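Asks: let's see this in three dimensions:
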Amino acid sequence: MDPARRPHHSRPFQALHAERFAQALARTLTDPALRDRPLTGAVDQWADNTDYLAA
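Replies: Numbering: from 1, shown residues only. The predicted structure is shown next:
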């Protein structure tokens, strides 16, 4: 898997786009109960509320 950084949308930043690695690892799981679970990431990837994150 190519570990190179890639452009972050149209912004002048480079990012790993780590979801590529998580998806590749998930494809190697053999237990269907684990393989079928969603890749949700950390709470700060889907919650944008500082009160929620500080609780």
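Asks: what about Phe13, how many residues nearby?
Replies: Per other CB atoms under 10 Å, the neighbour tally for Phe13 reads 8. Backbone N, C-alpha and C define where each C-beta goes, glycine included.
Asks: and it, how far from Ala22?
Replies: Between Phe13 and Ala22 the distance, using CB to CB, to the nearest Å, works out to 20 Å.
Asks: now Arg37
Replies: In this structure, Arg37 and Ala22 are separated by 12 Å, where distance is defined by CB to CB.
Asks: and Thr40, what does it touch?
Replies: If a contact means CB atoms under 8 Å, 6 or more residues apart in numbering, then Thr40 has Trp46 as its contacts.
Asks: the chain: strands as residue ranges?
Replies: 6-7, 14-15 (DSSP state E).
Asks: need those strands in TSV (columns: mean neighbour count and distance to Thr50).
Replies: Supplementary listing: those in TSV, determined by neighbours: other CB atoms under 10 Å; distance: least, CB to CB, whole Å:
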stretch	mean neighbour count	distance to Thr50
strand 6-7	11	28
strand 14-15	11	23
